[in-house]
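J.: Curious how this folds, go ahead:
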Amino acid sequence: MKPKSSLQYNYPMEMLHQEYFTSGGEICLTGSMLAHPYFVSPLGKLIAQLKRKGHNIEACETEYKAMQKTLRQWNRALEQQAYETIRLRHSRKN
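T.: Numbers count the residues shown, from 1 in each chain. Purely as a prediction, here's the structure:
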């Protein structure tokens, strides 16, 4: 039996089709995409909706923010590693 709710939840897959983040209509969720500040997260929107409606979702919100922060840190580290790899390859050629 489904719980009754007066809230309307509507988070279809189409929300993941965002300019600059999808190619050829295919959804490919990458760490880089999820960490990007311009990516509009359906999960983030759902958390905000629940919070606005008065639900105590502090633990969920804290976990979500921690995951975002971690993804951004990993993404920066990977970008730095890629930059260093290119720099070293270039310096060896000279």
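J.: okay, CA-based contacts and neighbour counts for the rest of this
T.: Noted.
J.: For Gly25, list the residues it contacts.
T.: Gly25 is in contact with His17, counting by Cα atoms under 8 Å, 6 or more residues apart in numbering.
J.: Now do it against Lys51, distance only.
T.: Distance, Gly25 to Lys51, by Cα to Cα, to the nearest Å: 32 Å.
J.: And Gly44, by the same measure?
T.: Taking Cα to Cα, one finds Gly44 at 11 Å from Lys51.
J.: what does Leu43 give?
T.: In terms of Cα to Cα, Leu43 sits 12 Å off from Lys51.
J.: and what of Leu34?
T.: From Leu34 over to Lys51 (counting by Cα to Cα), the distance is 21 Å.
J.: Compare those two (neighbour count), which wins?
T.: Leu34 (18 against 14; other Cα atoms under 10 Å).
J.: List the contacts of that one.
T.: So Leu34 contacts Ser41, Gln68, Leu71 (Cα under 8 Å, 6+ apart).
J.: What of Gly31?
T.: Gly31 sits next to Leu71, Asn75 when contact means Cα under 8 Å, 6+ apart.
J.: Would you list the phi and psi of Ser23?
T.: phi -130, psi 120 (degrees, to the nearest 10).
J.: hang on, the earlier thing: please convert the buried members of the contacts of Leu34 into ChimeraX selection syntax.
T.: In ChimeraX, this line selects whichever of those come out buried by 16 or more other Cα atoms under 10 Å:
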select :41,68,71
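J.: Counting only helices, which of the contacts of Leu34 make the cut?
T.: Counted as lying in helices by DSSP state H, out of the contacts of Leu34, are Gln68, Leu71.
J.: of all the contacts of Leu34, which comes closest to Thr85?
T.: Using Cα to Cα, Leu71 is the member of these that sits closest to Thr85, with 20.8 Å.
J.: in what helix or strand does the residue most central in space within the chain lie?
T.: In the chain, the centroid-proximal residue (Cα atoms, centre = their mean) is Leu34; its distance is 2.5 Å. Using DSSP states H and E, Leu34 falls within helix 31-35.
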